[in-house]
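In: 3D model of this:
(chains A and B)
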There are 2 protein chains.
Amino acid sequence: MDNPIGVFDSGVGGLTVAREIMRQLPGENLVYFGDTARVPYGSKSKNTVLKYSKQIVRFLQTKKVKAIVVACNTASALALDDIAKEIDIPIIGVVKPGAKMAVETTKTGNVGVIGTASTVKSGIYNDYIRELNSDVTVVSKACPLFVPLVEEGLIEDRVTDDIVSRYLQEMKEYNVDVLVLGCTHYPLIRNAIKRFMGDEVQLVNPAFETAKDLKELLVKEGMLNKSGAKPSYEYYVSDGVESFMSFADSVLPVHVGDTQVIDIESF
Amino acid sequence: MDNPIGVFDSGVGGLTVAREIMRQLPGENLVYFGDTARVPYGSKSKNTVLKYSKQIVRFLQTKKVKAIVVACNTASALALDDIAKEIDIPIIGVVKPGAKMAVETTKTGNVGVIGTASTVKSGIYNDYIRELNSDVTVVSKACPLFVPLVEEGLIEDRVTDDIVSRYLQEMKEYNVDVLVLGCTHYPLIRNAIKRFMGDEVQLVNPAFETAKDLKELLVKEGMLNKSGAKPSYEYYVSDGVESFMSFADSVLPVHVGDTQVIDIESF
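Out: Predicted structure coming up:
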């Protein structure tokens, strides 16, 4: 099946998920949509995130995608279940794969989860993790400054280190041995997070786990692209092509070619 | 004329403008709209900001406003002129009043302007200031982290001081004697900015100047509300009533009562 996989995010963060899919499924075609006009989702309500996500799914379906990856923790938390009921192609989010890995990895049973305000407020990582193992304790913390710091390029910077230490101090106090990076921007500052948390704490990157789960799903359903052709990658955004392309080029293993602006509200 | 004045912003920042209007025009009724679902505007393109602003103006007109204040530097920069051509009530933005005050205040002829990426990229402060006095040199600088820092409550904080010193170092090097706070959030960290820039640099708060200009306009056009009744203040947002109300209560001189959510995309 050479139909593309649709990947969407509130903006550029989901490119870390697209990157993992490109690495782990190098034969698949991709259509990426970043909702750069309406970013961020992390401070928006469930109603709004669901409405926006539905518009994006309708747009991706015009591209004949064979499966959809919700490469945004907030949309995975707030919209995935409702959308899954309405469409007849597989759709997976980043939360379940991350939650599963956290449960498999923890030895102490204390798992930390960091994300946007909306993801943390939704309690979804908590729900999934405790569904898998009710003995696990989840400590979660919203880190609203991480995204703007990453987008300002302060990846290795004393300010980022300072903010990391404030947000994550309580993770140390709760002795978590696994920390889920529950927002797609956070893997980009994993070094700063690792430095503060120390080597004994395992960081879970849901982007990596999601690509792994997607691969399993495509194999199981007989949906892998076996054409052997060079994969095609298409990029669509709702605003700001230039800044999208420059960020994408810094994240992806391939050069990002033409990116088109879509009037997403019309879908 | 007891029709209300419509005030809008991309989110909560415009409340600093509403605050100045409440202080300087205590007899006027206000309708405030904050586009909290689609905030921030500062990283969006002109097309998108214009489209959103037009929707908001249509909404405010359903409230029979007698005048509109665009309490958002980005929307003032990117959308005001186009909208002014299409409506038959007065509409003023925050940029012109701020630019005028900067020109009147500078002695050295070196004026600094700080704002969002879109406001700075638009060059609009530069254009207005040099229209008023072409001998003035304008140094402008985008400060994308200021808004998230304010919204995270880091008003008096070493991280904010650190970021202030990085963004504003070049303002010192250019010897500006006036600095325009060209984003409605920035007056909330004026102490940190003042500390770094020093007492010899005058800070211009466009919110204050805008309320002054609005008053002059209402007097001149005979549009003041002379009913003597207690003013009514109405608040509308596109998302997230709770966080809006808590921020509003920290900014406004009055307690914010009911705030309603509007489906702004339907206007």
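
In: quick one: average pLDDT of stretch A:132-142?
Out: Averaging pLDDT along stretch A:132-142 gives 97.

In: got the angle between the helix or strand hosting A:Leu168 and helix B:158-173?
Out: Here A:Leu168 sits within helix A:158-173, counting by DSSP states H and E. Angle of helix A:158-173 versus helix B:158-173, following axes from the mean of the first three to the mean of the last three C-alpha atoms, to 10 degrees, is 180 degrees.

In: buried ones in helix A:158-173?
Out: Judged by neighbour count (16 or more other C-beta atoms under 10 Å in any protein chain shown), helix A:158-173 contains these buried residues: A:159-161, A:163-164, A:167-168, A:171. For every residue, glycine as well, the C-beta is placed using N, CA and C.

In: which of the residues you listed come close to chain B?
Out: A:159, A:163 (C-beta under 8 Å from any C-beta of the partner chain).

In: quick one: which of the buried residues of helix A:158-173 is nearest chain B?
Out: A:Val159 (5.6 Å; C-beta to the nearest C-beta).

In: ok, A:His185 touching A:Pro144?
Out: No. Look at A:His185 against A:Pro144 with C-beta atoms under 8 Å: they stay out of range, at 11.3 Å.

In: looking at the two, which has the bigger crowd around it?
Out: A:His185 (25 against 19; other C-beta atoms under 10 Å in any protein chain shown).

In: what does the model give that one for pLDDT?
Out: So A:His185 comes in at 94 (pLDDT).

In: if I look at A:Leu145, how far off is A:Ile163?
Out: Distance of A:Leu145 to A:Ile163, computed by C-beta to C-beta, to the nearest Å: 5 Å.

In: could you do A:Val201 as well?
Out: 18 Å.

In: so the residue of the stretch 151-267 of chain A found nearest chain B: helix, strand or coil?
Out: Of all residues in the stretch 151-267 of chain A, A:Asp239 sits closest to chain B, with a separation of 4.9 Å (C-beta to the nearest C-beta). Of the three states, A:Asp239 takes coil according to DSSP: H, G, I helix; E, B strand; the rest coil.

In: OK, contacts around A:Asn133?
Out: By C-beta atoms under 8 Å, 6 or more residues apart in numbering or on different chains, the contact list for A:Asn133 reads A:103, A:109.

In: rewinding a little: in contact with the closest residue to the residue of the stretch 151-267 of chain A closest to chain B other than its chain neighbours, which residues?
Out: Residue nearest to A:Asp239 in three dimensions, not counting chain neighbours: A:Ala37, with 3.6 Å by C-beta to C-beta, 6 or more residues apart in numbering or on different chains. Residues near A:Ala37 by C-beta under 8 Å, 6+ apart: A:237-240, A:264, B:38, B:44, B:48.

In: run the last query once more with 7 Å
Out: By C-beta atoms under 7 Å, 6 or more residues apart in numbering or on different chains, the residues touching A:Ala37 are A:238-239, B:44, B:48.

In: ok, those vs A:Ile5, which is closest?
Out: A:Ser238 (19.8 Å; C-beta to C-beta).

In: so which strand or helix has the residue nearest to the closest one when sequence neighbours are not counted?
Out: Take A:Ser238 and drop its neighbours on the chain: the residue closest to it by C-beta to C-beta, 6+ apart is A:Ala37, 3.6 Å away. Using DSSP H and E, A:Ala37 falls within no helix or strand.

In: which of the three states applies to A:Leu224?
Out: For A:Leu224, the assignment made with three-state DSSP gives coil.

In: what parts of chain A come near chain B?
Out: A:37-38, A:43-45, A:48, A:144-145, A:148, A:152, A:159, A:162-163, A:239-240, A:265 (C-beta under 7 Å from any C-beta of the partner chain).

In: next, the contact list for A:Met101, please.
Out: A:204, A:209 are the contacts of A:Met101 under C-beta under 7 Å, 6+ apart.

In: surely it is in a strand?
Out: No. Read with three-state DSSP, A:Met101 is helix and lies in no strand.

In: residue in the stretch 51-200 of chain A nearest to chain B?
Out: Closest point on the stretch 51-200 of chain A to chain B, by C-beta to the nearest C-beta, is A:Pro148, at 4.2 Å.

In: quick one: residues contacting the nearest residue to that residue once chain neighbours are set aside.
Out: Nearest non-adjacent residue to A:Pro148, counting by C-beta to C-beta, 6+ apart: B:Pro148, 4.2 Å away. Neighbour list for B:Pro148: A:144-145, A:148 [criterion: C-beta under 7 Å, 6+ apart].

In: dump the residues you listed to CSV, plus secondary structure.
Out: Listed next are those as CSV, based on three-state DSSP:
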residue, secondary structure
A:Pro144, coil
A:Leu145, coil
A:Pro148, helix
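
In: out of these, the closest to A:Ala102 would be?
Out: Among these, and counting by C-beta to C-beta, the member closest to A:Ala102 is A:Pro144, at 21.7 Å.

In: distance-wise, check that closest one relative to B:Met22.
Out: 29 Å.

In: again, but for A:Thr137
Out: 48 Å.

In: which of those two has more residues huddled nearby?
Out: Between A:Thr137 and B:Met22, counted using other C-beta under 10 Å, B:Met22 has the larger neighbour count: 19 against 16.

In: wait, isn't that one in contact with B:Pro253?
Out: Yes. In this structure B:Met22 lies within contact range of B:Pro253 using C-beta atoms under 7 Å: 6.1 Å.

In: before we move on, the earlier item: and the next helix or strand along the chain from the helix holding A:Leu168, which strands flank it?
Out: Next helix or strand after helix A:158-173 toward the C-terminus (DSSP H and E): strand A:178-181. Counting by DSSP bridges, the strands paired with strand A:178-181 are strand A:110-115 (parallel), strand A:202-204 (parallel).

In: can you list these in CSV and add mean neighbour count?
Out: As requested, the strands paired with strand A:178-181 are arranged in CSV below (neighbours: other C-beta atoms under 10 Å in any protein chain shown):
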stretch, mean neighbour count
strand A:110-115, 26
strand A:202-204, 20
